[in-house]
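> Provided below for reference: sequence and predicted model.
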Amino acid sequence: MSDNIALTDEPRQLSDCCASLSKPLIDILVDRLPSQPSMCLSIGCGSGRLENYLLEATTKPLDLYGVEVPTCEVSALPPERVLRVPSTRSVHPAVKDCSAMLFVYPRVPDLVKSCMDEALAGVNLSRVIWLGHRSDWPDYETVLSSAKGTAEVVSGPGIAPYELLVVATFDS
């Protein structure tokens, strides 16, 4: 299913992915996502390109699903890896059972908050990963800090200078 372009150490913007992708970024994300049987959801996955890179890059079993609205073509993920929601503000029922959520350039802080509230009401959520433009972080920092947990700003090679990667960890 993959027609992925080979990634390098330098962040690269692809036409069907909001984030700038690089081999080190993929490695960082794979390292921070839990393996099976823990379920990971990428909320608002778009084309599914990033998620496809994650699934291809890992040697550990990764139970990763993209969540997207029906009008968005998720061309880079197999259909069995895609969960659908009726609208951009809808929370998929699987959120309550997931161990990790990934938000890449989310549009609405309230959706992140709703997903976190629903997931934290369950017992499995241990991690939320946020990747977006640095200028957007203040809107989301409040959301991630409102839940009991710790947030780590991850830096290093492979992350575009204008982007920020934050990993929030919660005790289960």
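Here it is on my side, so go on. Numbers count the residues shown, from 1 in each chain.
> Strands of the chain, start to end?
Per DSSP state E, the chain carries strands over the ranges 12-13, 20-21, 39-43, 63-68, 82-84, 100-104, 127-133, 150-154, 163-169.
> got those strands as a markdown table, with mean neighbour count columns?
Bear in mind the C-beta positions are built from the backbone N, C-alpha and C, glycine included. Formatted as a markdown table, the strands of the chain follow (neighbours: other C-beta atoms under 10 Å):
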| stretch | mean neighbour count |
| --- | --- |
| strand 12-13 | 14 |
| strand 20-21 | 21 |
| strand 39-43 | 23 |
| strand 63-68 | 22 |
| strand 82-84 | 17 |
| strand 100-104 | 24 |
| strand 127-133 | 21 |
| strand 150-154 | 13 |
| strand 163-169 | 20 |
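> Turn those strands into CSV, including distance to residue 30.
Output for the strands of the chain, formatted as CSV (distance: least, C-beta to C-beta, whole Å):
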stretch, distance to residue 30
strand 12-13, 18
strand 20-21, 13
strand 39-43, 10
strand 63-68, 10
strand 82-84, 20
strand 100-104, 11
strand 127-133, 11
strand 150-154, 13
strand 163-169, 13
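> Same list as before, the ones you listed that is, but in a markdown table and with distance to residue 118 and mean pLDDT included.
Below are the strands of the chain laid out as a markdown table (distance: least, C-beta to C-beta, whole Å; pLDDT from 0 to 100):
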| stretch | distance to residue 118 | mean pLDDT |
| --- | --- | --- |
| strand 12-13 | 32 | 86 |
| strand 20-21 | 28 | 94 |
| strand 39-43 | 11 | 98 |
| strand 63-68 | 12 | 97 |
| strand 82-84 | 14 | 98 |
| strand 100-104 | 10 | 98 |
| strand 127-133 | 12 | 96 |
| strand 150-154 | 19 | 91 |
| strand 163-169 | 15 | 95 |
